[in-house]
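Participant: Pasting a predicted model and its sequence here:
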Amino acid sequence: MEIRDYIKQGFETYYNKYRHVTEDGFCRWMRPDVPAEMKAVDTGEEWSVWKLIPSLVSDDDIEAMEKDYGVTFPNMYRAFISTYHHYFDEIPEQPVDAPLDNVRDMYNPLLCRLGYLPFTWDSEYGKIWCIDVSEDAGEGGGAIYEIEHEILFDLDEEHTDRSVLKESLVLLYPDFKAYFDDTFLKG
């Protein structure tokens, strides 16, 4: 299976798992101000259930981000941010009107300089999750680590080396595929 098809399958599986509307009219995928093209049903209400729609993010958009960040994104992550527009709560939202803004908000110069690509966070505890992009881990991408964001304030952005940062990282998954499978296919 091609990477993009795999990501598509995972996103659709995850979306469908929680798409049902309760008797009280609630659905996990409800939110205010959903753009018209992302509404599953337009009820005219402030809150709407959103739907997945094919992404308009291009290879050029991703290459520009890679240049800005100074890192090369793993192929699986490239597909991850360019397959669907969505409002998932597990990862930065990618609405149709600003698909990469929330992804860009994850940028951290120290992490990127040292070969770690921040891609999401643990919103409960303020921990940043990042991909080790310095490894040549193949199709699945590098290992996934977590770091307490407060630690980053104490590290010198210009002079901290990778070994010092690594002391504060906690290994979560051996690669991006394991993270994706656990979150979207099993989750």
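Facilitator: That came in fine, so what should we check first?
Participant: Figure out how far the host helix or strand of Ala79 is from the centre of its chain.
Facilitator: Per DSSP states H and E, Ala79 falls inside helix 75-80. Distance, stretch centre to chain centre, for helix 75-80: 10 Å (CA atoms, centre = their mean, to the nearest Å).
Participant: how deep is Ser48 tucked in, by neighbour count?
Facilitator: 22 (other CB atoms under 10 Å). Backbone N, C-alpha and C define where each C-beta goes, glycine included.
Participant: on that earlier part again, name the residues that touch the helix holding Ala79?
Facilitator: 3-4, 6-7, 59, 62, 117, 119, 131, 139-141, 176-177, 180 (CB atoms under 8 Å, 6 or more residues apart in numbering).
Participant: Of these, just say which sits nearest to Tyr69.
Facilitator: Leu117 (7.0 Å; CB to CB).
Participant: okay, now that closest one: neighbour count?
Facilitator: 26.
Participant: isn't it right next to Phe73, touching?
Facilitator: Yes - contact criterion CB atoms under 8 Å: Leu117 and Phe73 qualify, at 6.5 Å.
Participant: my read: Ser168 touches Phe153, true?
Facilitator: No - in this structure, Ser168 is not within contact of Phe153 by CB under 8 Å, at 11.7 Å.
Participant: what residue ranges in the chain score low on pLDDT?
Facilitator: Across the chain, the ranges flagged by pLDDT under 70 are 135-141, 187.
Participant: show me what contacts the most centrally placed residue in the chain?
Facilitator: Closest to where the C-alpha atoms of the chain average out (CA atoms, centre = their mean) is Ile91, at 4.2 Å. With contacts defined as CB under 8 Å, 6+ apart, Ile91 is in contact with Phe119, Thr120.
Participant: picking that back up, just the buried positions in the helix holding Ala79, please.
Facilitator: Buried positions in helix 75-80, judged by neighbour count with 16 or more other CB atoms under 10 Å: Met76, Tyr77, Arg78, Ala79, Phe80.
Participant: Can you give the contact residues for the top helix by length along the chain?
Facilitator: Longest helix in the chain by number of residues (criterion: DSSP state H): helix 3-17. Identification of contacts with helix 3-17 by CB under 8 Å, 6+ apart yields 1, 29, 51-52, 75-76, 79-80, 82-84, 86, 88, 139, 180-181, 183-185, 187.
Participant: try it again with 6 Å
Facilitator: Contact with helix 3-17 is made by Leu52, Asn75, Met76, Ala79, Phe80, Thr83, Tyr84, Phe180, Phe184, Leu185, as judged by CB atoms under 6 Å, 6 or more residues apart in numbering.
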